[in-house]
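Enquirer: dropping the sequence and predicted coords here.
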Amino acid sequence: MSIWSDLQDRSSGEITRIEDCYCEYIFNPDDLSPTSNSTLKIILDIARADFEFGGFSSLEEMLSTLGVTLVISPATPTRIVPSGISEWVLYWKNELKRLESILGKDCKSNQLYKDAQKELEKAQKESEAWATMAHLGCYDRFQKEIILYPNNIPGQDRKEYLVTTFVHEAMHAYFDRHPRELFPYVATVEEPLAEFGMLLFLKETNNTYYEWAYRNVVSKETCYRYGAALMDRYEKGDNQIRQDLESYKRKVF
Ligand SMILES: [Zn+2]
């Protein structure tokens, strides 16, 4: 066995060491001790950038105030399609069955049936896009954890994916909304907002990954891509959209 067997691919960057794929870190602006974990180092550089958002001056300040822990996990989970999307598929399947029973054997030439078929195809395409999207990270509201899965990050553009995923999850941590299992429709609202917040962060911190991130969001086949449309509006001078983003968070009563 090679002595380098613990390395996936040294040439692809500095975040590929297996020993860097596990860590738990509680955000704390007072702790400036150096870290030997290169994945964590990348995250901390990002978290410490000056960013005025929601009354905080950096993501680090935000996440430490909210008591969020960062977990860098070696796991490689697959994504679960939100139930709201699955129900959308089921709805049109049932609708087709209903039309078949009403219209009988000639149903396939009926316009209503054809329209329903198109809607089912659309829903299935969206569901498929969710299922095949790499699961790079998540925010667990009950544990107050941002969990990143570096082993699920594609070989190319690893650092870009790591940074954009972290900032996206930091937005979910800021929103701190109820999990989408309880409110299935929330995903289609919250994911574009998290993408918008991520783009806003990269833009305002002059991060060189902004162009890459914007192109990546635009290319997505799921509702995530609307995050780029929100950014377009903001760039055209619609400041209300930023206020809406900041006020989307769960109110503390
Ligand atoms: Zn998300």
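Expert: Good, I have the coordinates.
Enquirer: only C-alpha atoms for contact and neighbour calcs from this point on.
Expert: OK.
Enquirer: give me the element Tyr161 is part of.
Expert: For Tyr161, the host element (DSSP states H and E) is helix 158-175.
Enquirer: packing partners of the helix or strand that that helix is followed by?
Expert: Counting by DSSP H and E, the next helix or strand C-terminal to helix 158-175 is helix 186-204. Applying 3 or more Cα pairs under 8 Å, 6 or more residues apart in numbering; DSSP states H and E, one finds that helix 186-204 makes contact with helix 158-175, helix 210-218, helix 226-235.
Enquirer: adding distance to Lys203, write those helices out as CSV.
Expert: Shown next, in CSV, are those (distance: least, Cα to Cα, whole Å):
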stretch, distance to Lys203
helix 158-175, 12
helix 210-218, 6
helix 226-235, 10
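Enquirer: okay if I get these as TSV plus mean neighbour count, distance to Leu40 and mean pLDDT?
Expert: Rendered in TSV, the data for these read as follows (neighbours: other Cα atoms under 10 Å; distance: least, Cα to Cα, whole Å; pLDDT from 0 to 100):
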stretch	mean neighbour count	distance to Leu40	mean pLDDT
helix 158-175	22	10	96
helix 210-218	17	20	98
helix 226-235	18	26	97
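Enquirer: for Ile72, find the nearest of those helices.
Expert: Among the helices and strands packed on helix 186-204, helix 158-175 comes nearest to Ile72, with 10.3 Å by Cα to Cα.
Enquirer: how far does the closest one sit from its chain's centre?
Expert: Distance, stretch centre to chain centre, for helix 158-175: 7 Å (Cα atoms, centre = their mean, to the nearest Å).
Enquirer: and if you look at stretch 124-139?
Expert: Remark: stretch 124-139 is offset 10 Å from the chain centroid, using Cα atoms, centre = their mean.
Enquirer: now do the contacts for Arg79.
Expert: Listed by Cα atoms under 8 Å, 6 or more residues apart in numbering, the contact set of Arg79 reads Trp130, Ala131, Thr132, Met133, Ala134, His135.
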